[in-house]
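>>> Sequence plus the predicted model coming up.
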Amino acid sequence: MKKKVLLFASLCLMLLLISCGRKHPAVKDFEESMKIIQSGNYGKEANLSNGVDSEIFSLIEEGSKKITYKINKTETKKDEAILNVTMKAPDLTGVQQEMLQKFSTLNPNEFLGKTEAETEKFGQDLVKNLIKEKLNSPDLKFMEETFDVIYKKDGNKWIMDPMSNPKFIKMTSLDEPNVSSRT
């Protein structure tokens with residue numbers, strides 16, 4: 001009798017381990033996406049840096065290497081998967097504001113006779129330096145949020161809809177999604 005109970009308990013444990021070991025396809029996709037983001041090479045992977053200063057984009061990618069996450073739970077409802085995630089990322093909030101403050105303290109005569117390209121380069125250099133300062137600061141601040149990441153089923157694939165996931169976009173862009181396109 002004891003052997004049958006032990007055999008039954010062992011079989012139940014094996015089935016539990018096997019069933020828990022399979023990840024939902026949305027979880028696999030999320031983990032693969034995060035691996036690319038955390039590698040700091042996602043611009044090359046997705047060709048995202050078009051039209052953006054490459055040095056600024058590289059700095060954002062460097063900051064992305066510091067992103068951490070934890071999947072808390074996963075729910076599936078028909079053609080929707082909801083991943084509850086806690087994510088921590090460097091906080092670059094305020095870079096645009098700091099840039100505007102620095103511009104306001106400059107003497108306007110410094111820009112007399114400068115071309116638009118020279119003025120734009122000055123602004124880009126200013127943004128680069130502000131981002132570098134923040135990312136390399138020993139007092140680097142992090143933002144941490146828990147939120148849902150929503151995947152929709154499209155045929156046989158699970159796809160993350162960026163329009164349904166603004167908090168994910170905020171965290172992976174280090175909260176300054178437009179900093180690299182404005183000067």
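Perfect, thanks for sending it. Numbering: from 1, shown residues only.

>>> For the rest of this, base every contact and every neighbour count on C-alpha atoms.
Will do.

>>> looking only at pLDDT, what's the mean for stretch 151-169?
Averaged over stretch 151-169, pLDDT sits at 90.

>>> Distance from that stretch to the middle of the chain?
14 Å (Cα atoms, centre = their mean, to the nearest Å).

>>> List the buried residues of that stretch.
151, 152, 158, 159, 160, 167, 168 (16 or more other Cα atoms under 10 Å).

>>> Which members of those residues are the farthest-apart pair?
Spanning the widest gap among the buried residues of stretch 151-169 are 158 and 167, at 18.9 Å by Cα to Cα.

>>> I'd like the distance between residue 165 and residue 171.
10 Å (Cα to Cα, to the nearest Å).

>>> no no, residue 75
22 Å.

>>> Neighbour count: those two, which is higher?
Set residue 75 next to residue 171 and count neighbours by other Cα atoms under 10 Å: residue 171 wins out with 22 against 12.

>>> Setting aside sequence neighbours, what's the nearest residue to the more buried one?
residue 89 (6.1 Å; Cα to Cα, 6 or more residues apart in numbering).

>>> wait, what's in contact with the one you found?
63, 64, 66, 67, 68, 142, 143, 144, 171, 172, 174 (Cα atoms under 8 Å, 6 or more residues apart in numbering).

>>> so where is this protein shaky, pLDDT-wise?
Scanning the chain with the threshold set as pLDDT under 70 gives 1-21, 43-53, 176-183.

>>> Restricted to helices, list the contacts of residue 89.
63, 64, 171, 172 (DSSP state H).

>>> Compute the number of surrounding residues for the residue nearest to the second one when sequence neighbours are not counted.
In this structure, residue 64 finds its nearest non-sequential neighbour in residue 38, 5.5 Å apart by Cα to Cα, 6+ apart. For residue 38, the neighbour count with other Cα under 10 Å is 19.

>>> For residue 38, list the residues it contacts.
Contacts of residue 38 (Cα under 8 Å, 6+ apart): 64, 65, 66, 67.

>>> And the buried ones among the contacts of residue 89, selectable in PyMOL?
Filtering these down to the buried ones (16+ other Cα under 10 Å) takes a single PyMOL command:
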select buried, resi 63+64+66+67+142+144+171+172+174
